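Peer 1: Below: sequence and its predicted model.
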Amino acid sequence: MERELIDVDHHLVRLLIPPFTPGGRDPGYIAAYPPGIRENGGQYTHAAIWVGWAFADVGDGERAARVFDLLNPIGHSRDAAAIQNYRVEPYVVAADIGGVPPYVGRGGWTWYTGSAAWLWRLGVERILGLRPERGGVRIEPCLPPKWRRVDVTIQRPGGKLAITVENPDGVSTGVSETWIDGVAEEQAFVAFPTDGGERHIIVRIRPKRAEVMPDQDAAAPAIPVKT
């Protein structure tokens, strides 16, 4: 998928390539679009966002963030030439973007799309790892390794959560420590305050330890133990 469909130069994550063309095989509905538009060989942004989600699910924060950056509409308006090509608002997520000439980089539907909410979720819930649960938030980041610290404030009617994620070893995932108001906790779930106060949370991620099974030769490579 990364090799065939991600186009870094044009800030695209295509749905398929090459597009279906008149006279070829008939796939049905999507061939009603011109080649390179929407589902027929363009970027269908809902699906493109789920690519980033999948990278996060396998613990690859670098690629998850790269997909997010490619889908960020501001990247399609980086200079005057890009603005003339994109032709839609640079501050709204487009539901689709053209994928083959002469439509490469041409924005489609903007305001009328649920993909904006999905892109927000990719950034907040999967990369920053702030997953809402009943009464609070679970913190399970999947960061690009070069991100060594992230600070986030969540404001709710009952108070604030001031969250710091520390990444001293430059990894993507693996919560090793959670501190809530100076007290070490074993779980990464934090309840929202209800008294108007502010809770201070520090989450530290580190690489998972690799251990050797007892019956292995001591010279054999360590096998990571899943927890």
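Peer 2: Yes, it's here.

Peer 1: Run through the helices of the protein in chain order.
Peer 2: For the chain, the helices defined by DSSP state H cover 2-5, 45-57, 61-71, 80-86, 115-121.

Peer 1: Ok, which of the ones you listed comes nearest A184?
Peer 2: Ranking the helices of the chain by distance to A184, with Cβ to Cβ as the measure, places helix 61-71 first at 24.5 Å. Glycine gets a C-beta too; all of them are placed from N, C-alpha and C.

Peer 1: if I pick the most centrally placed residue in the chain, what's in contact with it?
Peer 2: Centroid-nearest residue in the chain: L122, 3.9 Å away (criterion: Cα atoms, centre = their mean). Taking Cβ atoms under 8 Å, 6 or more residues apart in numbering as the criterion, L122 is in contact with I49, G52, W53, A56, A64, V67, F68.

Peer 1: how much space is there between the second one and W147?
Peer 2: G52 sits 15 Å away from W147 when distances are taken as Cβ to Cβ, to the nearest Å.

Peer 1: And for the fourth one?
Peer 2: For A56, the distance to W147 (Cβ to Cβ) stands at 13 Å.

Peer 1: The two: which has the busier surroundings?
Peer 2: A56 (25 against 17; other Cβ atoms under 10 Å).

Peer 1: Compare the helices of the chain and report which one is nearest to P35.
Peer 2: Closest among the helices of the chain, using Cβ to Cβ: helix 2-5, at 15.5 Å.

Peer 1: now the closest one: mean pLDDT?
Peer 2: For helix 2-5, mean pLDDT rounds to 94.

Peer 1: Stretch 90-107 now?
Peer 2: For stretch 90-107, the mean per-residue pLDDT is 93.

Peer 1: Buried residues, it. List them.
Peer 2: For stretch 90-107, the neighbour count (16 or more other Cβ atoms under 10 Å) marks 90, 93-100, 103-107 as buried.

Peer 1: Need these in JSON lines (columns: distance to T21).
Peer 2: Below are these laid out as JSON lines (distance: Cβ to Cβ, whole Å):
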{"residue": "P90", "distance to T21": "31"}
{"residue": "V93", "distance to T21": "28"}
{"residue": "A94", "distance to T21": "24"}
{"residue": "A95", "distance to T21": "23"}
{"residue": "D96", "distance to T21": "18"}
{"residue": "I97", "distance to T21": "19"}
{"residue": "G98", "distance to T21": "15"}
{"residue": "G99", "distance to T21": "13"}
{"residue": "V100", "distance to T21": "10"}
{"residue": "Y103", "distance to T21": "14"}
{"residue": "V104", "distance to T21": "16"}
{"residue": "G105", "distance to T21": "20"}
{"residue": "R106", "distance to T21": "18"}
{"residue": "G107", "distance to T21": "23"}
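
Peer 1: Can you give me the domain assignment for this protein?
Peer 2: What automatic domain parsing lists as the domains of the chain is 2-119, 129-211.

Peer 1: Deepest-packed of the ones you listed, please.
Peer 2: For these, the largest average neighbour count (mean count of other Cβ atoms under 10 Å) is found in domain 2-119, namely a mean of 17.

Peer 1: Please state the offset of that one from the chain centre?
Peer 2: Taking Cα atoms, centre = their mean, to the nearest Å, one finds domain 2-119 lying 15 Å from the centre of the chain it belongs to.

Peer 1: May I ask you to confirm that R63 is in contact with E2?
Peer 2: Yes - under the criterion of Cβ atoms under 8 Å, R63 makes contact with E2 at 7.2 Å.
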